[in-house]
Structures are given as structure tokens and as C-alpha cells.
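kindly generate the corresponding structure for this input.
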Amino acid sequence: MECHGNLRWLATAVAAITLPSAVHAAEPPAGIRELVQTCAACHGPNGISQMPGSPSLAGQPDIFTQYQLVFIREGQRKVEVMQEIAKQLSDDNIRELGAWYASLPPPKGLRPKPPVDDAKVKAVMDPRKCANCHKEDFSGQGETGRIAGQRMDYLVKALHDFRSGARRGRGLGAMSEVSVTLQDPDIDMIARYLAGKP
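Next up is the predicted model:
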């Protein structure tokens, strides 16, 4: 079955990731140092997640991270493991966390690069439409997340959540609109494509 083959490929690819260096050149501000250590348990010491289901935060646009933390804190976005942590965050904590993660080098993309047919991806995912929010290199901007080099399993979950309505984007609901027609194999293929982007 294709699904099992993709899961085997994912396990192999995750095992082959080169781990990031153990420390970042600079230390986070004193006010969030303890918070960053807490975040590292799931999101990695340099914001590059090695934990299934947890997104990498390194290189995410500052405003995007701030918005997501506010959404979680206010209960507008449901992320069970984050709920209690987010409730304790002050506005200053959120601003500092956004700036800190934006300053970290982003993930370099899965290596070896996942096998994917670019033409098939472009047939189900209009890169120009995606570029309007995520930029042509998928590095994100403003309130829109960086999806280049993101964990494949996290991208799959996010697309499923957008498609089902469990997660909503901002503005005019562009993510709901683009994901509603996607089939499971399309989601898997798009996630592989984006996970391999530097």
C-alpha cells in the first residue's frame, strides 16, 4: 500500500536528518531563557524539531509565531500540549519568543530530498497562489508561516486540519479554500515536496 511505503520512507528520512549543532551562537534574552528551554523539549534546542508532530520554529516569521501563540493562549487554536504553557505567557514573552525563533537559522530541508514528481505537485498545488502568502521560496512572511523544510508529518497534519476545518487560517480563509479539494495522496505529496525545500 502507498501509505505504508510513505511511512517507511518518512522513518528513513527522519533517521537520516543531520542533527543541528547543539547550541545557537547567541543566548535567548534572560526573560525567556527558561521558556526557551521548555520549548526545546518538543521544538528542539535550536528550534528545529526532532519530535514527530511538533513543528520546527526556527526561521518562522516573528509575527507568525506571535499570532499562533496568542491564538493558542486565547483558545482560538487548539493544541492540547500547548494550552497550559501558552496561558502563562505574557504579551512581552510572546514578542520575545517570536523575535528569538525568527533569529534562528531555519531547517535545511530533509536530506536525502524526498522523492516527489514536481509536475504532479504543481498539478494539485498552484505555487503562484501559495507564493502570495508563503513567498516563492515558501519561507513565509508576516502572519504566514515558513513551510519550507518543515517536518513532513507536521505538514500532513496541518493540511488535514485546514481541510477539515479543525484549524483556520487568518484573513479570508485561504488555507481552507486551497485544502478543501485535496485528497490524502495529494496532501502526502505536497508535504514531501515542502519538507525537502531548503
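
let me see the domain layout of the chain.
23-103, 118-195 (automatic domain parsing).

nearest to residue 111, out of those?
Proximity to residue 111 (Cβ to Cβ) singles out domain 118-195 among the domains of the chain, at 10.1 Å. For the C-beta atoms, the positions are set from N, CA and C on the backbone; glycine is no exception.

could you list the low-pLDDT ranges of the protein?
Along the chain, the parts satisfying pLDDT under 70 run over 1-25, 170-172.

quick one: the helices in it?
Shown for the chain, the helices assigned by DSSP state H span residues 2-16, 33-43, 62-73, 80-87, 91-103, 118-124, 127-134, 152-164, 174-179, 184-195.

and residue 92, how many neighbours does it have?
11 (other Cβ atoms under 10 Å).

again with the one 4 residues further on
With neighbours defined by other Cβ under 10 Å, the count for residue 96 comes to 21.

for it, give me its contacts.
For residue 96, the contact set (Cβ atoms under 8 Å, 6 or more residues apart in numbering) comprises 28, 29, 31, 32.

show the buried residues in the residues you listed.
Buried members of these, counted by 16 or more other Cβ atoms under 10 Å: 28, 32.

let me have the contacts of residue 96 in a markdown table, extended by distance to residue 188.
As requested, the contacts of residue 96 are exported to a markdown table (distance: Cβ to Cβ, whole Å):
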| residue | distance to residue 188 |
| --- | --- |
| 28 | 35 |
| 29 | 39 |
| 31 | 40 |
| 32 | 36 |
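
now compare the contacts of residue 96 and name the two farthest from each other.
28 and 31 (8.5 Å).

pretty sure residue 197 is touching residue 111, no?
No: look at residue 197 against residue 111 with Cβ atoms under 8 Å: they stay out of range, at 11.5 Å.

more crowded one of those two?
Comparing residue 197 with residue 111 by other Cβ under 10 Å, the one with more neighbours is residue 197, at 19 against 12.

for the more buried one, what are phi and psi?
phi -80, psi 140 (degrees, to the nearest 10).

apart from its chain neighbours, what residue comes closest to it?
residue 148 (3.8 Å; Cβ to Cβ, 6 or more residues apart in numbering).
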